[in-house]
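>>> the amino acid sequence is not available; the structure is as follows:
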């Protein structure tokens, strides 16, 4: 276990400020299943934006070891073509989920621009993917994981294992 203490609610407020700086009149939020989807849903409500959810399941490069997950979490209730898309995720680590999500997104059309905003960037990239905004940067051991959890009242917290 780690002694790392992250205030997910405070970081959400910082993420919201960062997202506001990245918005254009044609921006739609797309939350990466599942923590990113929770964040995008709340951001969309707080900022009055269109939002959707996207899954990496069909484009992952590790499904041989993880198994094929349920793949029906992608819901994009707007036209992706020509749109500015702001991908939202809870934790950015290797970049492999982001790569898979980009492949999924382009199955739905060709956005004008795609940017990434994350609650926490934990480094350790294996691919050349960087967020346009991250509310925090932390360092964890390779064997540790950081997950966003959502309480019944909608408040966020982190679980470090």
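That came in fine, so what should we check first? Predicted model, so just to flag it, every value in this text is computed and none were measured. Numbers count the residues shown, from 1 in each chain.
>>> can you name the next helix or strand after the helix or strand of the chain with the lowest mean pLDDT?
Ranked by mean pLDDT, DSSP states H and E, the weakest helix or strand in the chain is helix 63-66, scoring a mean of 53. Moving toward the C-terminus from helix 63-66, the next helix or strand (DSSP states H and E) is strand 84-92.
>>> now that next one: buried residues?
For strand 84-92, a neighbour-count test (16 or more other C-beta atoms under 10 Å) marks 84, 85, 86, 87, 88, 89, 90, 91, 92 as buried. (Each C-beta comes from the backbone N, C-alpha and C, glycine too.)
>>> can you give me the pLDDT of the last one?
Looking at residue 92, its pLDDT stands at 98.
>>> now residue 105. Nearest residue, chain neighbours left out?
residue 54 (6.1 Å; C-beta to C-beta, 6 or more residues apart in numbering).
>>> who's that neighbour bridged to?
residue 32 (DSSP bridges).
>>> what's the neighbour count on it?
Neighbour count of residue 54, defined by other C-beta atoms under 10 Å: 27.
>>> for it, what are its contacts?
30, 31, 32, 33, 37, 73, 74, 76, 87, 101, 104, 105 (C-beta atoms under 8 Å, 6 or more residues apart in numbering).
>>> could you redo the last one with a cut-off of 7 Å?
30, 32, 33, 74, 76, 101, 104, 105 (C-beta atoms under 7 Å, 6 or more residues apart in numbering).
>>> distance of the second one from residue 15?
Residue 32 sits 13 Å away from residue 15, taking C-beta to C-beta, to the nearest Å as the criterion.
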